[in-house]
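> next come a sequence and a model predicted from it.
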Amino acid sequence: MIITDEYESFILKSILVEDIESLRVWKNKHRGSFFHKNEITSSEQYTWFSEYQNDPENIMFVVIVDGVSIGCMGYRLKDGGVDVYNIMRGEKTSHKPFKMSDAFSVMLSYLKVKYQLTISCVVLNDNPAFNWYLNNNFIVKAKYDNYSLLEYYSGNNMKKYLIKVK
């Protein structure tokens, strides 16, 4: 599956086996921001990908700008809602200005229309991106010792996107 905005300024493309090494490198680079703190080996990544392929309710996208993979974001149906996860920018390089918030907003708009379910995520309280989620219309629904449950609230400020799905 491919999702993009009306200007095709970026592409969200379902991951393929050739994408998983980049995902592994990015996750290892930012592992302090995630629950799983250990470095992920190539073998573990292939195991994860094999399991991932067998779960049609779990979708991971690679974010592509100017033909270059710069990050990823995923979602899965979980506990009667949509859980977004592994939202990360892995590469800073791009030929044109780009904000992950733009790609994230398009994915959230797509999910809101497709599923009409609550969209949430679990974020470590010390994650450097914690406030980024709040700036992208998430609110804290529950706060625990080391993590928080955040819920997407589109309200009246939800941007309208012409989304192309291929």
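Nice, thanks for sending it over. Numbering: from 1, shown residues only.

> quick check: closest non-adjacent residue to residue 25.
Among residues not flanking residue 25 along the chain, residue 90 sits closest, at 7.0 Å (CB to CB, 6 or more residues apart in numbering). From N, CA and C alone the C-beta is placed, and that goes for glycine too.

> which residues touch that neighbour?
22-23, 25-26, 29-30, 69-72 (CB atoms under 8 Å, 6 or more residues apart in numbering).

> if you set the cut-off to 7 Å instead, what comes out?
Counting by CB atoms under 7 Å, 6 or more residues apart in numbering, residue 90 touches 22, 25-26, 29, 70-72.

> pairing partners for the helix or strand of the chain with the lowest mean pLDDT, with directions?
Sorted by mean pLDDT, DSSP states H and E, the helices and strands of the chain end with strand 164-165, the least confident at a mean of 74. Take DSSP bridges as the rule and strand 164-165 pairs in its sheet with strand 2-4 (antiparallel).

> check which element follows the strand it pairs with along the chain.
Counting by DSSP states H and E, the next helix or strand C-terminal to strand 2-4 is strand 11-14.

> now do the buried residues in that next one.
Buried residues in strand 11-14, counting neighbours by 16 or more other CB atoms under 10 Å, are found at 11-13.

> list just the nearest of these to residue 54.
Residue 54 has its nearest neighbour among the buried residues of strand 11-14 in residue 13, at 19.6 Å by CB to CB.

> so what pairs up with that closest one in the strands?
Per DSSP bridges, the residues bridged to residue 13 are residue 2, residue 62.

> same question for residue 165.
residue 3.

> most remote residue from this structure's center?
residue 145 (23.6 Å; CA atoms, centre = their mean).

> isn't there a helix covering it?
No: checked against DSSP: H, G, I helix; E, B strand; the rest coil, residue 145 lies outside a helix; its state is coil.

> longest single strand anywhere in the chain?
If you go by DSSP state E, the chain has its longest strand at strand 68-78.

> next, the buried residues of that strand.
The neighbour-count check on strand 68-78 (16+ other CB under 10 Å) flags 69-75, 77 as buried.

> next: stretch 136-151.
136-138, 147-148, 150.
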